[in-house]
Every structure is written in C-alpha cells, then in structure tokens.
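**Student:** predicted model, plus sequence, below.
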Amino acid sequence: MKIEQIYTGCLAEAAYYIESNGEAAIIDPLREVSPYLAKAQQNEAVIKYVFETHFHADFVSGHVDLAQKSGAEIVYGPTAKTTFKAHIATDGEQFKVGDLTITALHTPGHTPESTTYLLTDNNGKNHCIFTGDTLFIGDVGRPDLAQQGDLTMEDMAATLYDSLHSKILSLDDDVIVYPAHGAGSACGKNMSKETFDTLGHQKQVNYALKASSKTQFIKEVTDGILPPPQYFAKNAALNKAGYESIDNVYKKGLIGLSPQDFESLANQSGALLLDTRDPQVFAKAFIPNAINIGLNGQFAPWVGALIYDLKQPILLIADEGKAEEAITRLARVGYDNTIGYLVGGIEAWRAAGKEIDSITSITANDFEQAVEEQPNLNALDVRKPGEYQAEHLEITLPRPLDDINEWTSQLMPNETYYIHCAGGYRSMIAASILKARGFENVIDVAGGYGAIKNTNLKRTDYACPSKAMKVL
C-alpha cells in the first residue's frame, strides 16, 4: 500500500496518490496532470479512479484531463451532476484499488455532494479518510458556498454537523485524517499548518468537533466567515461542466514575444499586463500599467480574487524560465487565456528603448520619519480585517486588498498614499493597481507591518472607529 500526499503550498491544496498491486487512484488532482501520470508510469501502475471529494471552488481540478489521458473513471459522491462522463457513487459504495477498499461516505454540509472516502487496508482495517473540505485539521469546511433553494448557511452548517457525527466521528481514533486543504486556504477560517492528523487528536483539539451541541456548532462554524473570493463560483462551475485541455492552454500561452510584438499585441488585445516578479524587483522598473502579483506568494488566489474575468487576455512579464510556471498557476484557478510572454523580460524591454515606470518603496524607519514630519499623511493598511483588528497603527486606514475595487473611488488621485500589508507582498499588488489607475504618488512600505513593529510608531489592538469610518 502506498499513500502519498501531494501538497501545493501556494494553493494550500492537497491531492493524493494511492497505489496497491499495480492499480492507482488519485484524489482531488490539480489542473496539470503530468505529475500523476509520470508517477503511475514510474511505479508501473494503472490509474483506475479519479476520486473527487466535491466540486472545488478554489481551484480547477485536473479530473477531466486525467481521465482522458489515463482511461481512469471519475467518481463523485451522491447528488453530483456533471456534463462529462462520471460515476456518481451511492452512499456506502465500495471501490477496489488493488488490495485496498475505498468506501464513499456521503458527508454533505460544505457542499451538497461532499463526500469523504474511507480507505480500508488489505487486512480489513480502516486506515484513513480523505475528507476533502468536510473536515480540516483544526477546522471544518465553510457552509456558505453552495446554498441551494431556501437553504441558508445555518441549514448547511446543521447538515455538516450531522455528517460529521453520523459518518466520521464514529470511526476509530487512530484513523488518519487527510483533508484537501491546509492553513492559508479560504475554504475554512481556522486551519492548522499541519496537513494531516489522527481523528482522535482532532476530536480533542478541533473547535468544531468539540462543540457541545448542534446549536453551538452552527454558531461557531458560521461566526466570522468572510465573503468568498469572487472566483470561487466560477471555478466550481468549471469543475462541474469541464474545461479546456491544459495542453491547449500551454500551446497558446507559451509564445515568446519581442518587446515590439509584446507592445503591439498589448495594444491590439486589451490584455492585462501581469508582472510576476518579486515585489521589490518590480518596484524598481516595470512596464507602465503592469500589475504585480508575485509568483513567490499566494499568486493564484490573488489573481482569482482581483481579476474578475476568467477570459481576460493576459500577457506575462516573468523572470527567465518562469513563464510556464505562471501559466500553470493561472490555469489552476481557471485563467486560461494567457496569450504570450515577454522574451528577455524587463531587461529586453529597457534595451529596446521602451518606457519604464517605477514605484517608490521605503523602509519602515523612513516611514516613521515621514509620519513624524506629516502626522496626518494618508496611510493605508491593505491586510485582511482580522489582521487589522488584531493590531494596527493608529494612523492607518483599513483598506483590505480584496476590496480594492470598492474603495479606490474614495481616494483622491492627486494625494500621496503610503501603503503597507504584513510583509510587502500585498502592498505592492495594491500599489501597482493604483498606479495603473492613475495614482502617481503611491509609496510602498517595504517589509510591511512586520518591519513597522520595530519602529516607535503608535499601535493599537482595537479597531479605531474614527479612522475606520473616515472617507478618503
């Protein structure tokens, strides 16, 4: 028996490779399927099943491509409806993978079709459960993403409670829990950095599993849920209906362009110029109107949160050899319309005599000095509301990056704005968006709040009503 968790940190997503006696199964695969095919070929195994725990909202699964390339059967849980060929399992239905048995346990609540897969070894012992978004390490799935008809978030939470107590918590404490996500995913609110655990330990430490009643469970699970990113519903729709082959996405995206051709195509296509380099490198020199979302951070989730049209043409500016990685990570969240990349990057653009823009980035100490000289300067904190409420500078206004399209209209283009986040990744995204929208005087605070905490600027761990309500 072989069970391998394939964890992708930038998406906080876990896929699984299971193998026994020359047969394999994949659970919740990512969009690019070549690693799974290569792994099975290397082990001389045939991929028999592709199990999906539910219709994922935070990424586009590789189930359709993988089934076509391997001949495997796609399996979803009860109530799932797809436009492509798939086996819809009944509750309790069993599947054989070599000497292993995988049982579909219908566990609705996160979504109606959510299903946990119980793996039993060749001795008949329950070994582990693949819980998808039903049960995380430290958390459970959010119940607000797939409400149907008159069902409310509270109704779905009640269903989730029933699923957990009737199908999962009755299993032995030594059963291993393998979820679909870890810390950093927007599919839950309190996920652990650990990516697997025993069920017994989760019963002791998971706040949701320790709830004394269904009423308490509903209250705790639904409290403090932020609105889902706008791309979630679009990704779920792609997972239900199918999507373009990843091979075609690479074919049309991996087109190297000279500076002249890049500029011409940008003007003709109305493409978004997406610069994926490190934020501080980007700040020093970039193509005018380019948006910075760095590959070295949560690239795909931020693309999904901020670019509203999945069909938006995209032209890439990337470090040497990173174009394919950027295209892959865009495709993971459904952005399949990359139409080329700049060969030679910003150096080639500069050598061709093309216009260059920049963003001023200052140290936390320089920011402290600026505040001393201008106590009423405009300072924007683009972290999430919970981060701001936990601790923030007294002078800053909360302007979450997720909501930049809502609060940009409150700013005055001729004013100067100092922007910070936690470490500098999100603040550069915000600064680049504002710069592209005509705000010339944006200043990034390098190192973000982590660096600012080492200054003498006044901080508070309470939201400041007068600042929070101030309109810029």
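**Tutor:** Looks like it came in fine. Numbers count the residues shown, from 1 in each chain.

**Student:** use CA for all of it now, contacts and neighbours both
**Tutor:** Fine.

**Student:** any idea which element the residue nearest the centre of the chain lies in?
**Tutor:** When Cα atoms, centre = their mean is applied to the chain, the residue found nearest the centroid is residue 301 (3.7 Å). Using DSSP states H and E, residue 301 falls within helix 299-306.

**Student:** please apply the same query to residue 215.
**Tutor:** helix 214-222.

**Student:** buried set for that helix?
**Tutor:** Residues of helix 214-222 classed as buried by neighbour count (16 or more other Cα atoms under 10 Å): 214, 217, 218, 219, 221, 222.

**Student:** residues contacting the fifth one?
**Tutor:** Which is residue 221. Neighbouring residues of residue 221 by Cα atoms under 8 Å, 6 or more residues apart in numbering: 140, 142, 143, 157, 208.

**Student:** out of these, who's nearest residue 319?
**Tutor:** Comparing the contacts of residue 221 against residue 319 with Cα to Cα places residue 142 closest, at 36.5 Å.

**Student:** how near is the closest one to residue 307?
**Tutor:** The spacing between residue 142 and residue 307, counted by Cα to Cα, to the nearest Å, is 23 Å.

**Student:** out of the two, which sits in the more crowded spot?
**Tutor:** residue 142 (26 against 14; other Cα atoms under 10 Å).

**Student:** and that one, what's its pLDDT?
**Tutor:** The model reports residue 142 with a pLDDT of 94.

**Student:** thought residue 185 was touching it, still the case?
**Tutor:** No: counting by Cα atoms under 8 Å, residue 142 does not reach residue 185; the two are 11.0 Å apart.

**Student:** sorry, back to before: partner strands of the helix or strand following the helix holding residue 301 and their direction?
**Tutor:** Under the assignment DSSP H and E, the closest C-terminal helix or strand after helix 299-306 is strand 314-317. Strand 314-317 has its sheet partners listed here by DSSP bridges as strand 272-275 (parallel), strand 338-342 (parallel).

**Student:** mean pLDDT and mean neighbour count added to these, as a markdown table?
**Tutor:** Formatted as a markdown table, these follow (pLDDT from 0 to 100; neighbours: other Cα atoms under 10 Å):
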| stretch | mean pLDDT | mean neighbour count |
| --- | --- | --- |
| strand 272-275 | 98 | 22 |
| strand 338-342 | 98 | 26 |
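
**Student:** wait, which of those is closest to residue 40?
**Tutor:** Here strand 338-342 is closest among the strands paired with strand 314-317 (Cα to Cα), at 29.7 Å.

**Student:** hey, C-alpha coordinates of the closest one in PDB?
**Tutor:** C-alpha atoms of strand 338-342 as PDB (Å, rounded to 0.1, in the frame of the first residue of the first chain):
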ATOM      1  CA  THR A 338      -2.500  33.800 -21.400                       C
ATOM      2  CA  ILE A 339      -1.500  34.900 -24.900                       C
ATOM      3  CA  GLY A 340       2.200  35.300 -24.600                       C
ATOM      4  CA  TYR A 341       5.200  36.400 -22.600                       C
ATOM      5  CA  LEU A 342       8.000  38.900 -22.900                       C
END
